[in-house]
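Novice: I'll drop the sequence and a predicted model, then ask my questions.
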Amino acid sequence: MAKIEAVIDINSTIDNVWNIISDIDNEPKFWKGTKEVRNISKDGNIVNREITIAFKDKKCMQTVTLSPKEKIQADFTKGIIKGTKTVTIQQKDNLVELKAVWDISLSGMMGMFTGMITKHIQSGSEQALESIKKEVEN
């Protein structure tokens with residue numbers, strides 16, 4: 001398993017940051033590694049969906065759990081990625097800390113690409129958090 005972490009401080013309120021990150025249909029706008037999102041079902045704060053990732057346009061199934069104003073956890077349930085991506089928000093003085101933590105591996109024969117993909121996910125996560133920060137602070 002590869003553990004990837006990115007964090008950024010945003011000059012805003014929890015509510016403003018949550019409004020942006022909890023719009024999970026808008027994920028491809030910020031997360032360039034996610035090309036497309038297709039929701040399959042929604043039950044309260046749990047969404048089952050199919051995403052198309054930038055790596056060879058592969059499709060993955062996710063169960064996304066939204067814990068309002070705390071975290072969004074995406075569990076990869078089927079596809080080449082196994083594991084979780086968790087995005088958390090937390091008030092820090094007059095700033096909001098936004099953190100993304102991935103705990104993933106690639107399945108089957110794709111496992112040999114885990115190291116290469118880790119670098120792309122790290123870079124993509126840092127870029128996503130910067131984009132979210134710009135959106136919130138403007």
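Specialist: Perfect, thanks for sending it.
Novice: what sits against the nearest residue to Asn94 once chain neighbours are set aside?
Specialist: Once flanking residues are discounted, Asn94 sits nearest to Asn11: 7.3 Å by Cβ to Cβ, 6 or more residues apart in numbering. All C-beta spots, glycine's among them, are computed from the backbone N, C-alpha and C. Shown in contact with Asn11 (Cβ atoms under 8 Å, 6 or more residues apart in numbering): 94-95, 137.
Novice: of those, closest to Thr34?
Specialist: Set against Thr34, the nearest of the contacts of Asn11 by Cβ to Cβ is Glu137 (22.4 Å).
Novice: the closest one: what's it in contact with?
Specialist: Counting by Cβ under 8 Å, 6+ apart, Glu137 has contacts 10-12.
Novice: those residues in strands, which ones?
Specialist: Assigned to strands by DSSP state E, the following of the contacts of Glu137 qualify: Ile10.
Novice: of the contacts of Glu137, which is the nearest to Glu130?
Specialist: Ile10 (10.1 Å).
Novice: what ranges do the strands span in this structure?
Specialist: Using DSSP E, strands in the chain cover 2-10, 34-43, 46-53, 59-67, 71-78, 81-92, 95-106.
Novice: now the contacts of Asn11 in JSON lines, with distance to Thr114?
Specialist: Converted to JSON lines, the contacts of Asn11 look like this (distance: Cβ to Cβ, whole Å):
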{"residue": "Asn94", "distance to Thr114": "39"}
{"residue": "Leu95", "distance to Thr114": "33"}
{"residue": "Glu137", "distance to Thr114": "34"}
